[in-house]
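Q: Everything below, folded, please.
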Amino acid sequence: MKLSVVIPTYNCGGTIKDAIDSLFNQSISEDYEVIVVDDASNDDTETNCGGYSHRKNFHYIRLNKRLGASRARNVGLKNAKGEIVAFTDADCIPTKYWIQEMSEAFKKNKKAAGVGGRVIYDMPAYLTTIRDRLNLSFGVNQMSEGDMVEMYATANIGYKKSVLDKVGGFDEGYLRGEDFELAFRILELNVGDIVFDKELIVFHAAVKYGRDWRLLFRHATMKKFILEQAILKGRFQSLFWGRIFLPNDLLTIFAPPILLLTQRYKSIWDLFFLPLFYITKCYERIVIWETAIKYGRFIV
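A: Below is the predicted model of the structure:
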């Protein structure tokens, strides 16, 4: 099973080498290739990638014009020769067993359209949450409802190339959220499930809160989709006691101080975001209730 790893990049000269090095320091020498698609960077990304040109399984593709991550991933997909196309980002470090785990997950789940894993953010850069510490110390035995939202991120996911070709790849009209839209489209078309593998781990560089406040509301759409799938496909294991969807989020609404324990902070200024986070949680719950009413279900 040949596997292709696609990394879109834009001005990630400071991190791209670590990402590539991690992919050439894997536990297996199984047939795989690494494709970096440079979305017209103007830093030293091209220079840093040039150090790998001697490798037959490394391909660097530079776009002449910046067209966005969706376009870059589609270019990588078009050039990929593997049966499986795995995606990660230029500021991510897959573990040594990432490719091995990805390959084994597809062999074990032959009907799966895709396999997603855990993304662990750079811990020293933040005062980490209790949940982060538990995840790092003890791992995760099973995916929680919250992780169901995170698992579609292209920082750590792989798809069968045949599935990606069938659905037409990423929608290039999306500037953000294209990874989730792709996953939703695959699930809606019933071409296979996207399974979660807790051993499939990628470490992600610390990120700051986005300047676009609308991104904070993106999870509402994702959670709505997950609830719809639970209702339409009878997957009520996503519901606590069969009635409560995302109980931790519901608890946060009635006990706002919980936000102090569940969010990451890099500086004291991040605390000013807490009221906005609380508003997004309330908005998400309204969307969930509207969805439940739409399908005639009693869900809180």
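Q: what's the span of stretch 38-56 from first residue to last?
A: One end of stretch 38-56 sits 18 Å from the other (CA to CA, to the nearest Å).
Q: Got the domain ranges for the chain?
A: The chain breaks down by automatic domain parsing into domains covering 3-204, 213-294.
Q: shaky segments in this protein?
A: 1, 122-151, 174-177, 206-218, 229-230, 233-242, 262-267, 270 (pLDDT under 70).
Q: mind listing what's buried in stretch 166-183?
A: V167, G169, F170, E172, G177, E178, D179, F180, E181, L182, A183 (16 or more other CB atoms under 10 Å). In short, each C-beta sits where N, CA and C put it, glycine included.
Q: can you give me the strands for the chain?
A: Counting by DSSP state E, the chain has strands at residues 3-9, 32-38, 58-62, 84-87, 92-94, 114-121, 157-160, 194-204, 239-240, 244-245.
Q: what packs against the third one?
A: The reference is to strand 58-62. strand 32-38, helix 45-50, helix 69-79 (3 or more CB pairs under 8 Å, 6 or more residues apart in numbering; DSSP states H and E).
Q: Output the contacting helices and strands for the longest helix along the chain.
A: The residue-count maximum for a helix in the chain (DSSP state H) belongs to helix 274-294. When contacts are defined as 3+ CB pairs under 8 Å, 6+ apart, helix 274-294 sits against helix 218-232, helix 247-254, helix 259-262.
Q: closest to R297 out of these?
A: The closest of these to R297 is helix 218-232. By CB to CB, the value is 5.9 Å.
Q: Also compute the angle for that closest one relative to helix 274-294, please.
A: Relative orientation of helix 218-232 versus helix 274-294 (axes from the mean of the first three to the mean of the last three CA atoms, to 10 degrees): 20 degrees.
Q: Can you tell me which of the helices and strands packed on helix 274-294 is most buried?
A: Ranked by mean neighbour count, these are led by helix 218-232 with a mean of 18 (mean count of other CB atoms under 10 Å).
Q: How far away from the center of its chain is that one?
A: 16 Å (CA atoms, centre = their mean, to the nearest Å).
Q: G50 reaches Y60, doesn't it?
A: Yes. Using CB atoms under 8 Å, G50 is in contact with Y60, at 7.4 Å.
Q: Next, name the residue at the spatial heart of the chain.
A: A153 (1.4 Å; CA atoms, centre = their mean).
Q: In contact with that residue, which residues?
A: By CB atoms under 8 Å, 6 or more residues apart in numbering, the contact set of A153 is G116, V119, D179, F180.
Q: That one and F196, how far apart?
A: As defined by CB to CB, to the nearest Å, A153 lies at a distance of 12 Å from F196.
Q: can I get the strands of the chain in TSV with distance to F298 and mean neighbour count?
A: TSV is the format used below for the strands of the chain (distance: least, CB to CB, whole Å; neighbours: other CB atoms under 10 Å):
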stretch	distance to F298	mean neighbour count
strand 3-9	43	26
strand 32-38	47	24
strand 58-62	52	17
strand 84-87	38	26
strand 92-94	41	23
strand 114-121	30	23
strand 157-160	34	26
strand 194-204	28	20
strand 239-240	11	17
strand 244-245	11	20
